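> give me a 3D structure for the following:
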Amino acid sequence: MFDSLIRFVREQYQSNEFIPLHAPVFTGNEREYVVETIDSTFVSSVGAYVDRFESEMAAYTDSPRAVATVNGTAALHIALLLAGVKQGDLVITQPLTFVATCNAIAYCGAESVFVDVDRDTMGLSPAALANWLEANALLHDDGTCRTRDDGRVIRACLPMHTFGHPADLDGLIAVCQRWHLALVEDAAESLGSLYKGRHTGTFGLLGTLSFNGNKIITTGGGGMILANDELGRRAKHMTTTAKQAHPYEYVHDEIGYNYRLPNLNAALGCAQLEQLESFIACKRTLAARYADTLKNSDLHFVTEPAGCRSNYWLNAVLCDNREHRDALLKETNAQGVMTRPIWALMNRLPMYSHCRHGELDNAEWLEARVVNLPSSVRTEVQA
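From the prediction side, this is the model:
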């Protein structure tokens, strides 16, 4: 049933062996930089590559400040704290996301509110966000957004740029400004994606990135906070155990977090960042080939939103229904071509099933139909 798709994937990867969904590529200076850190003995959280990775990422994304963390979830956790999220607050996010988004909210002692996504971007829907707030929230005299029924503070909005496709940021910014919500972007999957020519992760008060092994560039594990200078300084302090700078004294002035990215990992990140634009070019070429080969099939290829440049971190197709989706998953995986469904909706997970939510028709529709296809960078794949 899906023989032509399987044949196409094997042709792209020139392999009859198992083809993973997304594997890292190390074709640059990774080995040289990592060996250099070993030779320097600065393999832990202090070292030249940490500073270099942060400054080069800030320059690449045109963000005033970039602060490296041990993983993307840690970056989200600190970003939410810096956005003012406190114990008992509510944070609006999308149900169609990786669990780290909601876990970071829970780490703050806050609770998720799930609002629907748009079908074209798979990101948080501005219209659904506005509708939920109009029905359930009010602006308090102190300027905070609160729930109508019990007065709980709704502190922030946390959209995610699904599979590298930018959400409708203009719409989300307008709603957040209307309701006095801090916008924090989960850009874990969208490094290099542009919304109207500007990098995702730089529109909100803060943005976060991930460099997990399956991301478009990797540090093995790692993350980054994008912020203005003031919040960036706070992020650096909080992620380095809130230690006051001193050559030998150990003085910590608040409860901090040991979320620092080791120099070893940062060295890997510097080498990967040097290749990012070429990786994006390869992935966009692969996406165009998927779109062309599937154009007359019963699988609808997901393309970038208008006015955006997506990094096509993971390619995706829409099936007719859940049965069609399951048949695709079963046949491709049985033949050694890895595919996967989109995440189970967060409101279905036991720890988040009690959370408030609006109508989730689009998220449920996508959950039943989306399948990710192999998307690893193949440097041989050029336009």
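> my guess is residue 75 contacts residue 69, does it?
Yes. Between residue 75 and residue 69 there is a contact at 4.4 Å, judged by CB atoms under 8 Å. C-beta coordinates here come from the backbone N, C-alpha and C atoms, glycine included.
> dump the residue contacts of residue 118.
Going by CB atoms under 8 Å, 6 or more residues apart in numbering, residue 118 touches 124-125, 127-128, 167-168, 362.
> can we see that at 7 Å?
125, 168, 362 (CB atoms under 7 Å, 6 or more residues apart in numbering).
> for the first one, give its distance to residue 159.
Right, the one you point to is residue 125. 9 Å (CB to CB, to the nearest Å).
> tell me which stretches of the stretch 51-200 of the chain form strands.
Assigned by DSSP state E, counting those that start in this stretch, the strands in the stretch 51-200 of the chain fall at 65-69, 90-93, 111-114, 137-139, 145-147, 154-158, 182-186, 194-195, 198-199.
> of all those, which one comes closest to residue 14?
strand 194-195 (30.4 Å; CB to CB).
> quick one: the closest one to chain centroid distance?
Relative to its chain's centre, strand 194-195 lies at 14 Å (CA atoms, centre = their mean, to the nearest Å).
> and what of stretch 283-298?
Counting by CA atoms, centre = their mean, stretch 283-298 comes out at 23 Å from the chain centroid.
> how about that stretch: buried residues?
For stretch 283-298, a neighbour-count test (16 or more other CB atoms under 10 Å) marks 283-287, 289-290, 293-294 as buried.
> nearest to residue 311, of the residues you listed?
Closest approach between those and residue 311, by CB to CB: residue 283, at 6.3 Å.
> that closest one is in contact with residue 377, isn't it?
Yes. Shown here, residue 283 and residue 377 form a contact pair, counting by CB atoms under 7 Å, at 6.1 Å.
> ok, the residue most central in space within the chain - contacts?
By CA atoms, centre = their mean, the chain has its centre lying nearest to residue 188, at 2.1 Å. Residue 188 is in contact with 72, 208-210, counting by CB under 7 Å, 6+ apart.
> any idea of the pLDDT on it?
In this model, residue 188 is scored at 98, pLDDT.
> phi and psi next, for it.
Dihedral pair for residue 188: phi -60, psi -30, per degrees, to the nearest 10.
> again, but for residue 108
Dihedral angles (degrees, to the nearest 10) for residue 108: phi -80, psi 0.
> what sits against it?
77, 80-81, 85.
> look at residue 125 and residue 159 and report which has more neighbours.
residue 159 (32 against 27; other CB atoms under 10 Å).
> ok, and the closest non-adjacent residue to that one?
Leaving aside its chain neighbours, residue 159 sits nearest to residue 124 (3.8 Å; criterion: CB to CB, 6 or more residues apart in numbering).
> contacts only, for that neighbour.
94, 115, 117, 159, 167, 172.
> residue 265 now?
Here residue 265 is in contact with 219-222 (CB under 7 Å, 6+ apart).
> so which of these belong to strands?
With strands defined by DSSP state E, no entry of those lies inside them.
> where is the longest helix in the chain?
helix 276-293 (DSSP state H).
> and the helix or strand just after that helix, what does it pack onto?
Sequence-wise, the next helix or strand downstream of helix 276-293 (DSSP states H and E) is strand 300-301. The elements that strand 300-301 packs onto, with contact taken as 3 or more CB pairs under 7 Å, 6 or more residues apart in numbering; DSSP states H and E, are strand 315-318.
> contacts for the strand it packs on, please.
Contacts for strand 315-318 (CB under 7 Å, 6+ apart): 163, 287, 290, 294, 299-302, 369-373, 375.
> now a PyMOL select for only the buried ones of these.
Here is the PyMOL command that selects the buried residues among the contacts of strand 315-318 (16+ other CB under 10 Å):
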select buried, resi 163+287+290+294+299+301+302+369+370+371+372+373+375
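> turn the contacts of strand 315-318 into TSV, columns for distance to residue 180 and pLDDT.
Shown next, in TSV, are these (distance: CB to CB, whole Å; pLDDT from 0 to 100):
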residue	distance to residue 180	pLDDT
163	30	98
287	38	98
290	42	97
294	44	96
299	42	97
300	38	97
301	39	98
302	33	98
369	36	98
370	33	98
371	39	98
372	36	98
373	41	98
375	38	98
